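K.L.:
Fold the following and give me the result.
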Amino acid sequence: MDIVYFDINAVILCLLLLFTLIVHRGIRLEQNRIYVYLLVSVLIAALASICMSLGENARSMGNVYFLSKQEVMYLSTFVYMFFHVTCSALFYQYVRVVLNIESSRFSDLILSYAPLVAAYTVLVLTPMNNAVFYITGGIYYRGEYIWIFYLVAAWYTLVSMNYVMLYRTNIRASVCISLLSFVVFVGVGVLLQFTDSSINVESFFDAVALLVLYITIERPGDYIDSPSGLQNDYAFYVNTSIRIRRRRPVRMVAVSLDNIDFLDNSIGYETTSMLLARAADFFEKISKQTVAYRLDRDLFVLLIKEGASLTHLELMDTIRQRFAVPFFTDTYSITLFDSSMYVSWPDDVKDTEELKRLLTIFTDKNRHRMRHVVQASSIDLDLDRRRKSIDFLLHGAIASESFNFKYQPIKSASTGRFDAVELKPMLESPEFGMIAPSEYYPIAEDNGTAVPVIKHIFRVCFEFIKESGITETEIGEYAIPVPNAFLLMRSAAAWVLETALEHGVDPQYVTIEISENTMIDYNYALEENIRALHEAGFSFMLMDYGNGYTDAEMMLKMHLKEVALNRDLLASAPVSGKADTLIRCAIDMMKSLSIGIKASGVDTPELEAYALEVGADKLQGFALSRFLSGADLIKFVKERGERP
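P.N.:
Residues are numbered from 1 along each chain as shown. Modelled structure (predicted):
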């Protein structure tokens, strides 16, 4: 029987070592990373199990050598239990990644890590007594707290099964069966181990379960996008990463189809899916020298096979010719405008991470709308890296509330006094310096942090108004830039009113700055928030007027007190007749609607003179005042007396 124990564990080790040699090093997917961690955990647990088995056999046979020492056996048991619990937790994380379930809430973190912490706490506090196991007469016995580890493993198993059942419609049946098989195999191993502590089979069943997972989940070849029948993004990135790792040439053409969101809303999701299926059929049959993938609803990639005589120019020309002709349904005739991009390795990208960033930027329609060909070299990956750095910096600033608040005085054209101020909550970065709200607000809206950011900003501003000692006769308006995502929240108006009341701030002295994109996002919740805040006394300013979307009817609904002219348009107006005409027409229209005009970006005396000449009501810029700290603003105001 002793030899059998050793042979089983030897087989386990051979299987696990074999797994580690199978392509995992070159694959850069999150689910693969967790799979490797799972693999290593089982491997370490198996090694510890071998040490325990050999030590127990030696003790039962009366032999004494290194592995049979009680301290070594305690340590082996500690390592085994530590990684044995880790395996169940990693499988839970693996299921979440495969099913694309994000951990965004605090409750998710508690669900994920609290049981693991509890098990580790028991293990660390009681490693050298009867809690885990004890030896009497050279024989193992279970300790009094061993049930905690089985309970934690059962918890992760049940939660994982619950996720699989809830999200089973989002994955292939074979993946669902494979995930559930892990539970079955490991459950059988645990049951056998629990009923007879003299056998060591848990690690063997873990290894079998990992083999099943690899066959049905980790292999990229059968990752199929069900609506189109093409291989999906998992298959694409795995295959591409392997080719890049092996230094084989990679040539590909990415095709992004525009207007898909519009078609979903106008002709219906099902009809649009039918059109995309026909587009997928075209991509699949376009050439035997290419392999087609579907990475997103409107993003297709054609990978040119190694040694193919087909050039990317020929491929892109064929695609353009097809998409110049409408796609027909029973009811509609639709032209799917396409944008294509050629990418090669190593000329355009260094690795799969860079390739993924490149494709993500390419599919941003605002960057290439109506451009039929996009050069990979024209996409600024450094800008994407900057966005990622700001995203990381933003999360840290929210957690520590470490925004650097600046204030910029605003001058009244009629009186020449600085009787208003704009709040500038800046992010401070050692790498990028000061980062303005205009840059990090869109990132905050994308990553879901816009609401906590603006709530913190409102509190700081209201506290400053309350405690600064600046009277209403000195500063009559505080302007606060607000991201659209906050006003789309149904409770936004109620929260602002409650916070203003809490700090004793009169709403008539607060102006909320909103962007022109607000008119695009305009919906019932936003309209109700604006109406409620306007009725309470808050004012609204439309920022960056003249750059982007403008809807005159929407402007009337938004209860605007004033608009701020686009900085670039204002800067070019003194030397451009067209820009000057646009500025003057905009000011005439706003004045006829009783809407004030603010000229922001007044950075030179010439621009100040021009803004006054065309009739701007307020002026703001570095020619008048730099950004000031709260203390400097108080000093700035007090030195000028009562509305100086």
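K.L.:
Tell me where the stretch 151-300 of the chain has helices.
P.N.:
Using DSSP state H, counting those that start in this stretch, the helices of the stretch 151-300 of the chain run over residues 173-195, 202-213, 233-245, 260-266, 269-285.
K.L.:
for the stretch 1-150 of the chain, same thing?
P.N.:
Using DSSP H, counting those that start in this stretch, the helices assigned to the stretch 1-150 of the chain run over residues 2-20, 30-60, 70-98, 106-125, 146-166.
K.L.:
Redo these as CSV? Include mean pLDDT and mean neighbour count.
P.N.:
Where C-beta positions appear, they are placed from N, C-alpha and C, glycine not excepted. Shown next, in CSV, are those (pLDDT from 0 to 100; neighbours: other C-beta atoms under 10 Å):
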stretch, mean pLDDT, mean neighbour count
helix 2-20, 53, 15
helix 30-60, 72, 21
helix 70-98, 79, 21
helix 106-125, 78, 14
helix 146-166, 80, 17
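K.L.:
of all those, which lies closest to Val451?
P.N.:
Taking C-beta to C-beta, helix 106-125 is the member of these nearest to Val451, at 14.9 Å.
K.L.:
Give me the distance from that closest one to the chain's centre.
P.N.:
How far helix 106-125 lies from its chain's middle: 25 Å, per C-alpha atoms, centre = their mean, to the nearest Å.
K.L.:
So which elements touch it?
P.N.:
Judged by 3 or more C-beta pairs under 8 Å, 6 or more residues apart in numbering; DSSP states H and E, helix 106-125 is in contact with helix 70-98, helix 146-166.
K.L.:
closest one to Ile361 among the ones you listed?
P.N.:
In terms of C-beta to C-beta, the element of those nearest to Ile361 is helix 70-98, at 23.6 Å.
K.L.:
helices and strands around the closest one, which ones?
P.N.:
Applying 3+ C-beta pairs under 8 Å, 6+ apart, one finds that helix 70-98 contacts helix 30-60, helix 106-125, strand 133-136, helix 146-166, helix 173-195, helix 202-213.
K.L.:
can you state the direction angle for it and helix 106-125?
P.N.:
Inter-element angle recorded for helix 70-98 and helix 106-125: 170 degrees (by axes from the mean of the first three to the mean of the last three C-alpha atoms, to 10 degrees).
K.L.:
My read is that Pro115 contacts Ala154, right?
P.N.:
No - the criterion here is C-beta atoms under 8 Å, and Pro115 misses it with Ala154 at 9.7 Å.
K.L.:
Output the helices of the stretch 1-150 of the chain in TSV, with distance to Tyr332 appended to each entry.
P.N.:
Shown next, in TSV, are the helices of the stretch 1-150 of the chain (distance: least, C-beta to C-beta, whole Å):
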stretch	distance to Tyr332
helix 2-20	50
helix 30-60	38
helix 70-98	37
helix 106-125	42
helix 146-166	36
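K.L.:
Out of these, flag the one nearest Ser228.
P.N.:
Minimum separation from Ser228 across the helices of the stretch 1-150 of the chain (C-beta to C-beta) falls at helix 70-98, 20.5 Å.
K.L.:
Thr581: which of the helices and strands packed on helix 106-125 is closest?
P.N.:
Nearest to Thr581, of all these, is helix 70-98, at 55.7 Å by C-beta to C-beta.
K.L.:
how far out from the middle of the chain is the closest one?
P.N.:
29 Å.
K.L.:
Likewise for stretch 283-301?
P.N.:
With C-alpha atoms, centre = their mean as the basis, stretch 283-301 stands 26 Å off its chain's centre.
K.L.:
Over to stretch 306-321?
P.N.:
That offset, for stretch 306-321, works out to 34 Å (C-alpha atoms, centre = their mean).
K.L.:
can you list the residues that contact that stretch?
P.N.:
Stretch 306-321 is contacted from outside by 243, 248-249, 251, 253, 255, 286-287, 289-290, 302, 304, 338, 340, 342, 344, 372-373, using C-beta atoms under 8 Å, 6 or more residues apart in numbering.
K.L.:
go with 7 Å
P.N.:
Applying C-beta atoms under 7 Å, 6 or more residues apart in numbering, the contact partners of stretch 306-321 are 248-249, 251, 253, 255, 286-287, 289-290, 302, 304, 338, 340, 342, 372-373.
K.L.:
out of the residues you listed, which one sits closest to Ile597?
P.N.:
The closest of the contacts of stretch 306-321, once distances to Ile597 are taken by C-beta to C-beta, is His372, at 39.3 Å.
K.L.:
where does that closest one land on pLDDT?
P.N.:
His372 is assigned a predicted lDDT (pLDDT) of 65.
K.L.:
Would you map the strands across the stretch 301-450 of the chain?
P.N.:
When assigned using DSSP state E, counting those that start in this stretch, the strands of the stretch 301-450 of the chain occupy the ranges 327-328, 333-334, 338-345, 373-375, 404-412, 418-429, 433-435.
K.L.:
What average pLDDT does the first one get?
P.N.:
The predicted model gives strand 327-328 an average pLDDT of 81.
K.L.:
Tell me how far that strand lies from the chain's centre.
P.N.:
35 Å.
K.L.:
which other helices and strands contact it?
P.N.:
Packing partners of strand 327-328 (3 or more C-beta pairs under 7 Å, 6 or more residues apart in numbering; DSSP states H and E): helix 269-285.
K.L.:
Counting by contacts, list what the helix it packs on packs against.
P.N.:
Under the contact criterion of 3+ C-beta pairs under 7 Å, 6+ apart, helix 269-285 touches helix 260-266, strand 290-296, strand 327-328.
K.L.:
related to what we said a few turns ago, could I get the helices and strands packed on helix 106-125 in a markdown table, plus columns for distance to Ala45?
P.N.:
As requested, the helices and strands packed on helix 106-125 are arranged in a markdown table below (distance: least, C-beta to C-beta, whole Å):
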| stretch | distance to Ala45 |
| --- | --- |
| helix 70-98 | 4 |
| helix 146-166 | 12 |
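K.L.:
Tell me which of the ones you listed sits nearest to Ala280.
P.N.:
Nearest to Ala280 among the helices and strands packed on helix 106-125 is helix 70-98; the distance by C-beta to C-beta comes to 23.6 Å.
K.L.:
if we can go back for a sec, could you say which one of the strands of the stretch 301-450 of the chain comes nearest to Phe636?
P.N.:
strand 404-412 (6.3 Å).
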